[in-house]
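Peer 1: how would this look folded up:
(one chain, ligands or ions: 1)
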Amino acid sequence: MELHKRLILQNKAWAEEQNEKNPGFFEDLATGQSPKYLWIGCSDSRVPANEITDTHAGEVFVHRNIANMVVHTDLNLLSVLQYAVSVLKVEHIIVCGHYGCGGVKAAFEHGNLGLLNKWLRNIKDVYRLHEAEIKESSSDEEERLNKFVELNVEEQTMNLAKTSIVQQAWADGHRLMLHGWVFDISSGLVIEKVLIEDDKNLDDIYKYDIEKGVQY
Ligand code: CO
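Peer 2: Modelled structure (predicted):
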């Protein structure tokens with residue numbers, strides 16, 4: 001059997017199983033979505049948002065890219081963020097990195113990867129900010145890479161707080177928590193690294209003059 005046909009067959013079996021377990025599930029799903037979470041994760045096939053959090057269709061709004069980056073010029077990410085915050089009114093945004101991240105590893109090295117260089121450059125900037133801390137964290141390269149993954153998640157979570165989208169939500173009294181998580185592929189467990197609930201720890205230079213109730 002051709003590989004893609006397997007997916008169609010599995011989809012049929014899955015849909016039947018959902019209908020048996022929960023009659024009316026798809027009719028309800030078709031009426032709309034009201035997820036409470038926005039997930040910003042790595043594209044890595046080993047870190048699927050719904051599976052590792054044991055959530056169902058309709059529960060998590062998802063954006064994924066290489067190394068779970070929050071890049072302030074990325075229109076794709078910003079559109080997802082704005083829709084999630086101002087329309088869906090999600091209450092939690094989770095930035096989830098993972099140990100063994102190929103994107104972070106590539107940024108740690110010097111390979112010339114063409115177009116990818118431009119994306120990885122954002123991760124190299126995180127390295128430059130935390131170079132001393134990463135080097136001092138361990139003499140073992142894998143452990144240094146793990147530290148790099150953790151610090152990247154923290155930086156990307158803080159990058160969310162730097163957006164006027166998040167700042168506007170906070171100013172409007174919209175409860176919005178920003179979580180930075182690392183998924184440990186070898187254990188299947190998530191480790192919580194950072195939680196940001198306000199702009200207390202945000203560098204002043206990133207704070208906008210936000211007026212209440214203004215369009216995002
Ligand atoms: Co990755």
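Peer 1: mind listing the helices for the chain?
Peer 2: Under the criterion DSSP state H, the chain contains helices at 3-21, 25-30, 49-53, 75-82, 102-108, 115-137, 141-161, 164-171.
Peer 1: would CSV of the ones you listed with distance to residue 89 be doable?
Peer 2: All C-beta atoms are positioned from the backbone trio N, CA, C, and that covers glycine. Formatted as CSV, these follow (distance: least, Cβ to Cβ, whole Å):
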stretch, distance to residue 89
helix 3-21, 26
helix 25-30, 19
helix 49-53, 19
helix 75-82, 12
helix 102-108, 30
helix 115-137, 28
helix 141-161, 16
helix 164-171, 9
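Peer 1: Turn those into CSV, columns for mean pLDDT and mean neighbour count.
Peer 2: Listed next are these as CSV, based on pLDDT from 0 to 100; neighbours: other Cβ atoms under 10 Å:
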stretch, mean pLDDT, mean neighbour count
helix 3-21, 95, 10
helix 25-30, 94, 11
helix 49-53, 98, 16
helix 75-82, 98, 16
helix 102-108, 98, 21
helix 115-137, 98, 14
helix 141-161, 98, 20
helix 164-171, 96, 19
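Peer 1: Those helices: which one's closest to the ion?
Peer 2: Closest approach to the ion among the helices of the chain is made by helix 102-108 (4.9 Å; Cβ to the ion).
Peer 1: can you redo the helices of the chain as TSV with distance to the ion?
Peer 2: As requested, those are exported to TSV (distance: least, Cβ to the ion, whole Å):
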stretch	distance to the ion
helix 3-21	23
helix 25-30	29
helix 49-53	13
helix 75-82	16
helix 102-108	5
helix 115-137	10
helix 141-161	8
helix 164-171	23
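Peer 1: Specify the stretch among those that is closest to residue 42.
Peer 2: Among the helices of the chain, the nearest to residue 42 by Cβ to Cβ is helix 102-108 (6.7 Å).
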